Every structure is written in C-alpha cells, then in structure tokens.
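Novice: 3D model of this:
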Amino acid sequence: MGTRYELDNGDSFTTNSKGFVEELTFNPNQTKVPRDSRQTAAGKEGRDTDVGGHAQACSQGGTCDGYNLFPQDKNFNNSAYKVFYENRIKEALNDPSKTVGPTTIKFKREDPSSVRPDRLDVTYTINGETKTVSFKNEAHQIPEISL
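Specialist: Model (predicted):
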C-alpha cells in the first residue's frame, strides 16, 4: 500500500508500495520555477533515450522536487505532452476569460517497481470542462483523448 502526501503549496501525491508516485494533483499557474540538476538526474534513472522531465511544467509552477520529475522519452515532453496538454493549459492561463482547474496525473506502470512510468493519464479542467488525455511514455505517439 502507498502513502498520500499533502504539500503546503497545494499539491498532493500518492506513492505506490515501492515508493514511486502513482498519482499527482496540482493547480497549474503562471509562476515560473527554475530548473536544477535534479531534472537531469531523473532522466538517468530511465532508459538511455530518456531525459528528466516535469509532470507539472516549470513554466506553470512545477518544481524540481522528486514527486514532480520522472524519466521520460526525450521526444515525449517536446511533442505530444507539450502539444496536447501543456500548450492548452498555457493558452488558458494566458486568457483572462478562462479558468483553469486542477490537474490530476495517474502514472501507469506495468512493473510497479519501475521508476519510469509506461503511460500517464492526465485529467485537467478548463472553464469547467474536464478532459482526460492518455500519453504513452514513448517517442512519436498520438495521445488518446477522452471527454
């Protein structure tokens, strides 16, 4: 059984029995947080083709704390995740007529003892409309979008 953590910044996450984050909830915002060496170190825990990446982008208030970093395919963050999630949140945050609600990310692993998730199921809300997008942690993948 895992453990649930509630942080002072409003983020919360749950770990699995192996100590890896399996669910993260946060509120995206326009606070830019600096990156640091922990991001690079997270990438080295995965495959040779991985980099360390943030679940919550630094440009949207995400920190380099371990719960927010995971090894991800080097194409993943700058491709599907950016296009189908991060950019949509960024556009909404920049539009004063829109409201951005919390995001919940479920990290899916075939092997619970693997630091590297195989898939992320991202549920976010803009203007009261909730969407779930499922991303494979692989290069050149088109996500599955559920309404």
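Novice: quick one: Ser37 and Leu69, what's the gap?
Specialist: As judged by C-beta to C-beta, to the nearest Å, Ser37 and Leu69 stand 11 Å apart. C-betas here are computed from N, CA, C, even on glycine.
Novice: more neighbours, the two?
Specialist: Each of Ser37 and Leu69 has its neighbours counted (other C-beta atoms under 10 Å); Leu69 has more, 25 against 9.
Novice: Do me a favour and get the end-to-end distance for stretch 57-70?
Specialist: With C-alpha to C-alpha, to the nearest Å as the measure, the first residue of stretch 57-70 is 12 Å from its last.
Novice: residue closest to the middle of the protein?
Specialist: Residue closest to the average C-alpha location in the chain (C-alpha atoms, centre = their mean): Ala55, at 2.1 Å.
Novice: surely it meets Pro71?
Specialist: No. No contact is recorded between Ala55 and Pro71 when judged using C-beta atoms under 8 Å, the distance being 11.8 Å.
Novice: how about the strands in the chain?
Specialist: 4-6, 12-15, 21-26, 50-54, 69-73, 100-108, 119-126, 129-136, 144-146 (DSSP state E).
Novice: quick one, which of those strands is packed in tightest?
Specialist: Per-stretch averages of neighbours, counted by mean count of other C-beta atoms under 10 Å, single out strand 69-73 among the strands of the chain, with a mean of 24.
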